[in-house]
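Student: Pasting the sequence and the predicted model now:
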Amino acid sequence: MTAFIYALKTMARDKSTTMWSVAFPLVLMSLFYVAFGSLDESYRAEPVGVVVVDDAAYRLTPGLAATIAAASEPDEPWLEPTYVESAAEAERLVADGGFYGYVAARGDGQVSYHRDWRAYGQLDPGHEIVTAILDGYLRHARLHAELAAQADSAALTQAVTAAAGETPDFSEPVRLTANPPSDSLRYFQAALGFAALMMCNFAVQGVGRLKANHSALAARRRLGAAGVLSMAGPTLIAAWLLSFATLVLGYLYLRFPLGVDFGGKDFQVVVILLVAALTATALGSAIGSAPVPGGALSGIVATVACGMSIFAGLYGPASQELGDSVVRAAPWAGWINPAREIADALSSLYNYDTFERSAQALAHLAAVALVLFALTALVLRRTRYEHL
Amino acid sequence: MNVVEVTDLIKRYKEVVALDHFDLSIQQGEIFGLLGPNGSGKTTAINCVLQLLTYSKGRIDLFGEPMGPTRYDLKRRIGLVPQQIAVFAELTVAENIDYFCSLYVDDGARRRQLVDQALDFVGLRAYARFRPKKLSGGLARRLNIACGIAHRPALIFLDEPTVAVDPQSRNAILEGVVQLVAEGATVVYTSHYMEEVEQVCTRVMVMDRGRAVAVGTPAELKSMVGIGERIRVELDVPDRAVLATIRQLPHTQRAALDGATLQVSCTRGAQNLSEILGALAAHGATYGRVYAEPPTLNDVFLELTGAELRD
């Protein structure tokens, strides 16, 4: 317990490690939020504000009212109508701004759309939306009238005109994923993978201080009345806990101040981060035990984290396509890349109803962690203090 | 019983033989000085004894039992104060001592006592909550020592513990070493400061090129190499003829004129000073002050290892 507490203290108080493991990922997430946070909004259609003249002519054109009502349904609205009683009032509202134009029934079955060219340009898609909806209504109305005029049988007329006069449903959205697709979320999932790999620094620092040939401090520790692996245990547990706590901090930062939604499955995300931290600790312990000078280790961590994050899709569409094509060609390349697997676990959690796909990714992460821990143990046991 | 017994130890770094059939015996209660020029094998010998280094051949026994990398029962009785200050920069003075003590002592209550005693022993009680960066060089050295001795080891290796400290701190450290031995410890002490080795060590080994060149008490070493006193005479007038006469004296080892000061290194002889003064009188040379200094360990060291520069 004493070894664990002191390992925790030394790691948490080390400014360089804290900077690279905590501050740097948080800054990176903030930058990603600024760069990609509004990506989804840019693809989302906003309802078009129009004024509707609800006068006697409008009330005599029931198909029009039904069409506008259907286009304004709250779950996926295309229009945001504001009803007034006269054309004069509608003109005044449009002139005040905030509306694309106003819609009025002419009494002869026709509909007029008075556009506001000053506020919204001719090519603004809002005008196209209003026009398409009104054109749709007019086509239905004309078909209805033609059928009514030409039908021979009263029964046929009744059936056909009823069908033609039905309120159009436009389209029925069918959701294939558990949550709506999000282009920006992939960046944040990859950013958490990257952040996890940067947490390697905790284990690198801890294990580096156990290598007898690394420093006089390590040599002195190796003279203690305990084996190197029994000293490494508390150190790695401390590194794991710190990595996990820091990852959760990063997640909470994304989740609340920045408002990034990971599908509302917070508990499962925390489980994924726990395994991610374990793998990061294992990777850090393997890097920390490598026979290279201490100063080079943080550079190696940064290189590994940045390199693996390419295939997790951290750097944009090209990076995402590259990562996807590599994994399609060689699935094992994804399994051995913790950044990719962490991002995949989070992505699966968001897109699938069950935890199964995420669990598969976590199993890969755990297997990689086991291999790396075994490698570390092997190297540490062979380390001696071969120079002074 | 010999606390340390090293027999026929050979350590090679590729083609370089760092320890060449090296033997070492240290008895309980000794302050054993290990001297040698840079690269002579002192630290390699210590690291082999501590199992921080592998070795090609030889046998190492500590406390009468064979030492090995996993002999944690023996390691528990050993303390190391390395030459470099090997402490955690992120922990306070008290936390550092407690941490290193915890490598040997599991009981928390007992450890708190030992940490308190170590703080008092090295005089760092007032700095217990300081981080090592805030300590002066001397205080940091004292912390380095406290971390090595807090668990009350029976055998302590002090590798140049007084490097870069002021005379006050050096005195405090040396007094501490003597006190540790008075309390029952055995100390292996390496240093390049001959005067402090001479001051505290009961026995000394001079090493060179991986071998033990000489072993004994400081007095035995001085007698072993046959060095006598060093005599300086401040002549009123420098005289080359006098110098030639002095060089002819039977116990003169080296003689030189440094300005008007005649400097003579003698071999062991009962009447060296009177012979030199007699020779001066015979030449009619007059002089002011005369100094006669007994041989030092430094003289012995240079005599045994040579005066040429080492790496």
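Tutor: Perfect, thanks for sending it.
Student: residues contacting the residue of chain A found nearest chain B?
Tutor: In chain A, the residue that lies nearest chain B is residue A:224 (2.9 Å; C-beta to the nearest C-beta). In short, each C-beta sits where N, CA and C put it, glycine included. Going by C-beta atoms under 8 Å, 6 or more residues apart in numbering or on different chains, residue A:224 touches A:231, B:75, B:100, B:103, B:104.
Student: what's the distance between it and residue A:57?
Tutor: As defined by C-beta to C-beta, to the nearest Å, residue A:224 lies at a distance of 94 Å from residue A:57.
Student: related to what we said a few turns ago, looking at the contacts of residue A:224, which are in helices?
Tutor: Judged by DSSP state H, the contacts of residue A:224 include A:231, B:75, B:100 as members of helices.
Student: top of those residues by neighbour count?
Tutor: Within those, neighbour counts (other C-beta atoms under 10 Å in any protein chain shown) peak at residue B:100, which reaches 31 neighbours.
Student: ok, it - contacts?
Tutor: By C-beta under 8 Å, 6+ apart, the contact list for residue B:100 reads A:220, A:221, A:224, B:147, B:148, B:150, B:151.
Student: please redo it, this time with the cut-off set to 10 Å
Tutor: Applying C-beta atoms under 10 Å, 6 or more residues apart in numbering or on different chains to residue B:100 gives the contacts A:6, A:217, A:220-221, A:223-224, B:79-80, B:86-88, B:91, B:115, B:118, B:144, B:146-151.
Student: so of those residues, which ones are in strands?
Tutor: Of the contacts of residue B:100, the ones assigned to strands by DSSP state E are B:79, B:80.
Student: Just the buried residues from the contacts of residue B:100, in PyMOL please.
Tutor: Selecting only the buried entries of the contacts of residue B:100 in PyMOL, with 16 or more other C-beta atoms under 10 Å in any protein chain shown as the criterion:
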select buried, (chain A and resi 6+217+220+221+223+224) or (chain B and resi 79+80+86+87+88+91+115+118+144+146+147+148+149+150+151)
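Student: how is the chain carved up into domains?
Tutor: Using chain A. Listed by automatic domain parsing, the domain ranges of chain A are A:8-37+A:184-382, A:46-164.
Student: Not quite, go with chain B.
Tutor: Following automatic domain parsing, one finds the domains of chain B at B:2-222, B:227-294.
Student: Can you lay out these as TSV showing mean pLDDT?
Tutor: Formatted as TSV, these follow (pLDDT from 0 to 100):
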stretch	mean pLDDT
domain B:2-222	90
domain B:227-294	89
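Student: just so I know, which of these lies nearest residue A:242?
Tutor: Closest of the domains of chain B to residue A:242 is domain B:2-222, at 13.0 Å (criterion: C-beta to C-beta).
Student: mind listing the strands in the stretch 101-250 of chain A by residue range?
Tutor: Taking DSSP state E, counting those that start in this stretch as the criterion, the stretch 101-250 of chain A carries its strands at A:101-105, A:111-115.
Student: Which elements pack onto the first one?
Tutor: When you say that, I think you mean strand A:101-105. Taking 3 or more C-beta pairs under 10 Å, 6 or more residues apart in numbering or on different chains; DSSP states H and E as contact, the helices and strands that strand A:101-105 lies on are strand A:48-53, helix A:56-59, helix A:62-71, strand A:79-84, helix A:87-96, strand A:111-115, helix A:125-150.
Student: make it 7 Å
Tutor: If you count contacts as 3 or more C-beta pairs under 7 Å, 6 or more residues apart in numbering or on different chains; DSSP states H and E, strand A:101-105 packs onto strand A:48-53, helix A:87-96, strand A:111-115.
Student: Grab the nearest non-local neighbour of residue B:103.
Tutor: residue A:224 (2.9 Å; C-beta to C-beta, 6 or more residues apart in numbering or on different chains).
Student: Spit out the contact partners of residue B:213.
Tutor: B:206, B:207, B:304, B:305 (C-beta atoms under 7 Å, 6 or more residues apart in numbering or on different chains).
Student: From chain A, how far off is the first one?
Tutor: It stands for residue B:206. To chain A, residue B:206 is 20 Å away according to C-beta to the nearest C-beta, to the nearest Å.
Student: okay, now that residue: neighbour count?
Tutor: 25.
Student: Could you report the distance from it to residue B:77?
Tutor: Distance, residue B:206 to residue B:77, using C-beta to C-beta: 27 Å.
Student: what do you get for the last one?
Tutor: When distance is defined by C-beta to C-beta, residue B:305 is 32 Å away from residue B:77.
Student: Show me what stretch A:314-324 is in contact with.
Tutor: Residues from elsewhere that reach stretch A:314-324 (C-beta under 7 Å, 6+ apart): A:186, A:187, A:190, A:191, A:194, A:310, A:311, A:312, A:313, A:340.
Student: So which of the residues you listed sit within helices?
Tutor: When DSSP H defines the helices, the subset of the contacts of stretch A:314-324 inside them is A:186, A:187, A:190, A:191, A:194, A:310, A:311, A:312, A:340.
Student: Tell me, how many residues neighbour the third one?
Tutor: Translated: residue A:190. 29.
Student: Kindly report the same for the last one.
Tutor: Per other C-beta under 10 Å, the neighbour tally for residue A:340 reads 27.
Student: Please give me every residue in contact with it.
Tutor: Residue A:340 touches A:193, A:308, A:311, A:312, A:323, A:334, counting by C-beta under 7 Å, 6+ apart.
Student: thinking the first one is in contact with residue A:345, fair?
Tutor: No - here residue A:193 lies out of contact with residue A:345, judged by C-beta atoms under 7 Å, at a distance of 9.0 Å.
Student: Contact residues of the stretch 1-150 of chain A facing chain B?
Tutor: Within reach of chain B by C-beta under 7 Å from any C-beta of the partner chain, the stretch 1-150 of chain A has these residues: A:2, A:3, A:6, A:9, A:10, A:13, A:14.
Student: Among those residues, which lie within helices?
Tutor: Using DSSP H, those in helices are A:2, A:3, A:6, A:9, A:10, A:13.
Student: Buried only: go through the residues you listed for me.
Tutor: With neighbours counted by 16+ other C-beta under 10 Å, those contain buried members at A:2, A:3, A:6, A:9, A:10.
Student: Sort out which one of those residues lies nearest residue B:110 for me.
Tutor: Nearest to residue B:110 among those: residue A:2, at 12.4 Å, using C-beta to C-beta.
Student: and that closest one, what pLDDT?
Tutor: Looking at residue A:2, its pLDDT stands at 85.
Student: show me the contacts for it.
Tutor: Taking C-beta under 7 Å, 6+ apart as the contact definition, residue A:2 lies against residue B:102.
Student: Check whether residue A:294 really touches residue A:213, as I assumed.
Tutor: No - counting by C-beta under 7 Å, residue A:294 does not reach residue A:213; the two are 10.4 Å apart.
Student: export the ones in helices among the residues of the stretch 1-150 of chain A next to chain B to a markdown table and tack on distance to residue B:21?
Tutor: A markdown table is the format used below for those (distance: C-beta to C-beta, whole Å):
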| residue | distance to residue B:21 |
| --- | --- |
| A:2 | 42 |
| A:3 | 40 |
| A:6 | 42 |
| A:9 | 46 |
| A:10 | 42 |
| A:13 | 47 |
